[in-house]
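Peer 1: Below: sequence and its predicted model.
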Amino acid sequence: MPDPRQPALPATESSDTGRPMISARKRIWGWYFFDWASQPYNTLLLTFIFGPYFAQTATAALVAEGMDVAAAKAQAQAYWGYGLTAAGISIAVLAPILGAVADSSGKRLPWVWFFSALYVVGAGGLWWTAPDDFSVIWALFFFGIGLIGMEFTTIFTNSYLPELHDDPNERGRISGSGWAFGYLGGVLALILMLALFQAGDTGRTIAGLTPLFGLDVETGADTRIVGPLTALWFAVFMIPFFLYTRDRVDPNATVFKLGAGIRDLWRTLKNLPQHPSLLAYLGSSMFYRDALNGLYTFGGIYALGVLNWSITEIGVFGILAAISGAFFCWVGGRIDRRIGPKPVIVTCCVALILTSGLIISLTPTSVLGVTLSEGSSLPDIMFYVAGALIGAAGGVLQASSRNMMTHQADPHRMTEAFGLYALSGKATSFLAPALIALASDISGSQRLGITPVAGLFILGLILLAWVKPKGDFQT
């Protein structure tokens, strides 16, 4: 995991004169802790705990109003999709603008503080989603506020990566180690949630305990506590980041001016065709990140519908993927340091294309077109293997992509660049779900419906051909 023995850089002074010097090691570890602090929003809220709770509770509320069960499930899923879409649009529109404003002012930490507050408020507010007075609007509002907070803090904290080491080759290792550290944080938070709070059918947790603090299972308190737990986790583990992170003094910085930020962003967008490597990279990452999100989003649904897995088996699948991701992000970061991010990204895309093909080939009675004997466990085993590959290649892909952005962007407009990176990631976030839905409708097969994911990875891989390893701004 993160290597505390990295080469020491000269200590740096905070932007506030008179404050103590902060060593390079502390700055790097503080930056690592953002990934550790923020990951549970994805692991606990988006994927494994609150997302299913929302669908289950919204479905029950709709059925109580007289809706058919099947229609209620579809409507609950639609509500969840609309909520994610609204948050995604907000992020896509505002990310590059606020990034430009932050770069013009030279101040990023105030934005991190502000969006960290949104993260905590949004996550904590999910406690008020009890089944008896469940409100879809308020549940999605709080979840969306927290999601916006998480995404924007990620944009601003990612922009500190180039400042963590003077050697660009070291950034791949730092990025990979940070991503691995974040995966471990998400896994630990999930284990604590399942062991101490979340009750099963017996009324006890997987550790055989009654939910802590006497949480009432009937009111969903054992599940709703995931919101305050995620908020508390973030608030506590962001302390190292705020202790050891400072904005650099920029003599050319201005006060916060929205108009100036928008003008700077517009100038950057107009100049994008003059920087073909950056433009190609934004397009490439747009496609392959969308494909990866498709695998993350539909992997559990695929296992449920095609292989008839239980929720518990899907949870184990997720934990395996996260552990695999943590280990290989650590390894991948060191490979990135030696050979650069582009070969790593290409390798991960190829691995994920092959993994998508493996998943598409799986049925309860066959693997890669080979018919198996009745009751064979090989399809389940191979799907676990696919999960480990997705966790490994997907985690490394995201870590190296973050590092690649530091090579492609204008060093003086790094926060704005990560805003554009967020915009490209959100601009087509509808594409994978839409193509999967269309392919499923046309083929009448949930299994074949996943094929567009491979196509999106291939498009991203093709566009990488126009991406220079060191970008347009470096000689």
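Peer 2: Nice, thanks for sending it over.
Peer 1: The residue located most distally from the centre of the chain in helix, strand or coil?
Peer 2: Relative to the mean C-alpha coordinate of the chain, counting by C-alpha atoms, centre = their mean, the farthest residue is S373 (38.6 Å). Under DSSP: H, G, I helix; E, B strand; the rest coil, the three-state class of S373 is coil.
Peer 1: Give me the neighbour count for P162.
Peer 2: When neighbours are defined as other C-beta atoms under 10 Å, P162 has 17 of them. From N, CA and C alone the C-beta is placed, and that goes for glycine too.
Peer 1: swap in Y296?
Peer 2: Neighbour tally, Y296, other C-beta under 10 Å: 18.
Peer 1: Contact partners for it?
Peer 2: Contacts here follow C-beta atoms under 8 Å, 6 or more residues apart in numbering; on that basis Y296 touches T47, I390, G394.
Peer 1: could you point out the longest helix in the chain?
Peer 2: Using DSSP state H to define each element, the chain has its longest helix at helix 69-105.
Peer 1: helices or strands next to it in the packing?
Peer 2: Applying 3 or more C-beta pairs under 8 Å, 6 or more residues apart in numbering; DSSP states H and E, one finds that helix 69-105 contacts helix 50-64, helix 136-158, helix 258-271, helix 414-427.
Peer 1: There's contact between D247 and R108 in this structure, I believe.
Peer 2: Yes: assessed by C-beta atoms under 8 Å, D247 is found in contact with R108 at 5.7 Å.
Peer 1: between those two, which one's more packed in?
Peer 2: Neighbour count, other C-beta under 10 Å: between D247 and R108, R108 has more, with 23 against 19.
Peer 1: Check the more buried one and give its pLDDT.
Peer 2: R108 carries a pLDDT value of 83.
Peer 1: ditto for the one 10 residues further on
Peer 2: Looking at L118, its pLDDT stands at 97.
Peer 1: Relative to E151, how far out is it?
Peer 2: Using C-beta to C-beta, to the nearest Å, L118 is found at 10 Å from E151.
Peer 1: More neighbours: these two, which one.
Peer 2: Between L118 and E151, counted using other C-beta under 10 Å, E151 has the larger neighbour count: 24 against 19.
Peer 1: Now I49. Nearest residue, chain neighbours left out?
Peer 2: Sequence neighbours aside, V226 is the residue nearest to I49 in space, at 4.6 Å (criterion: C-beta to C-beta, 6 or more residues apart in numbering).
Peer 1: residues touching that neighbour, list them.
Peer 2: Per C-beta under 8 Å, 6+ apart, neighbours of V226: L44, L45, I49, F50, Y53, L126, M193, F197, Q198.
Peer 1: what sits against the closest residue to the second one other than its chain neighbours?
Peer 2: Read it as L45. Once flanking residues are discounted, L45 sits nearest to T230: 5.8 Å by C-beta to C-beta, 6+ apart. By C-beta under 8 Å, 6+ apart, the residues touching T230 are P40, Y41, L44, L45, A123, G146, A189.
Peer 1: average pLDDT across the helix or strand containing T230?
Peer 2: Using DSSP states H and E, T230 sits in helix 226-237. Averaged across helix 226-237, the pLDDT comes to 97.
Peer 1: List the buried residues for that helix?
Peer 2: V226, G227, L229, T230, A231, W233, F234, A235, F237 (16 or more other C-beta atoms under 10 Å).
Peer 1: Which helix or strand lies directly C-terminal to it?
Peer 2: Downstream of helix 226-237, the next assigned helix or strand under DSSP H and E is helix 239-244.
Peer 1: what packs against that following helix?
Peer 2: helix 24-40, helix 109-125.
Peer 1: Make sure V217 is indeed in a helix.
Peer 2: No: counting by three-state DSSP, V217 is not part of a helix but coil.
Peer 1: ok, it touching T205?
Peer 2: No: at 10.6 Å, V217 does not count as touching T205 under the criterion of C-beta under 8 Å.
Peer 1: Could you measure from L243 over to W36?
Peer 2: L243 sits 14 Å away from W36, going by C-beta to C-beta.
Peer 1: So these two - more neighbours on which side?
Peer 2: Legend: neighbour count by other C-beta under 10 Å for L243 and W36, higher for W36 (24 against 14).
Peer 1: domain assignment for this protein?
Peer 2: What the record gives for the chain is the domain set 22-270, 275-475, from automatic domain parsing.
Peer 1: Run through the stretch 151-300 of the chain and note the low-pLDDT ranges.
Peer 2: Scanning the stretch 151-300 of the chain for pLDDT under 70 picks out the ranges 249-265, 268, 297-300.
Peer 1: try 50
Peer 2: Counting by pLDDT under 50, the stretch 151-300 of the chain shows no low-confidence range.
Peer 1: follow-up on the earlier one: any chance of the helices and strands packed on helix 69-105 in a markdown table, with distance to P343 too?
Peer 2: Output for the helices and strands packed on helix 69-105, formatted as a markdown table (distance: least, C-beta to C-beta, whole Å):
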| stretch | distance to P343 |
| --- | --- |
| helix 50-64 | 35 |
| helix 136-158 | 21 |
| helix 258-271 | 28 |
| helix 414-427 | 20 |
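Peer 1: so where's the stretch 1-150 of the chain uncertain?
Peer 2: Low-confidence segments of the stretch 1-150 of the chain (pLDDT under 50): 4-11, 13-18.
Peer 1: Quick check: L194 is in a helix.
Peer 2: Yes: under three-state DSSP, L194 falls within a helix.
Peer 1: The closest residue to L362 other than its chain neighbours: neighbouring residues, count only.
Peer 2: Counting by C-beta to C-beta, 6+ apart, P379 is the residue found nearest to L362 once chain neighbours are left out, at 5.0 Å. By other C-beta under 10 Å, 18 other residues sit near P379.
Peer 1: Equivalent analysis for I353, please.
Peer 2: Counted with other C-beta under 10 Å, residues neighbouring I353 total 20.
Peer 1: wait, it sits on T451?
Peer 2: No: applying C-beta under 8 Å as the test, I353 and T451 come out as separate, 11.1 Å apart.
Peer 1: Show the model's pLDDT score for the nearest residue to G325 once chain neighbours are set aside.
Peer 2: Distance criterion C-beta to C-beta, 6+ apart; nearest residue to G325, sequence neighbours excluded, is G395 at 3.2 Å. As predicted, G395 sits at a pLDDT of 87.
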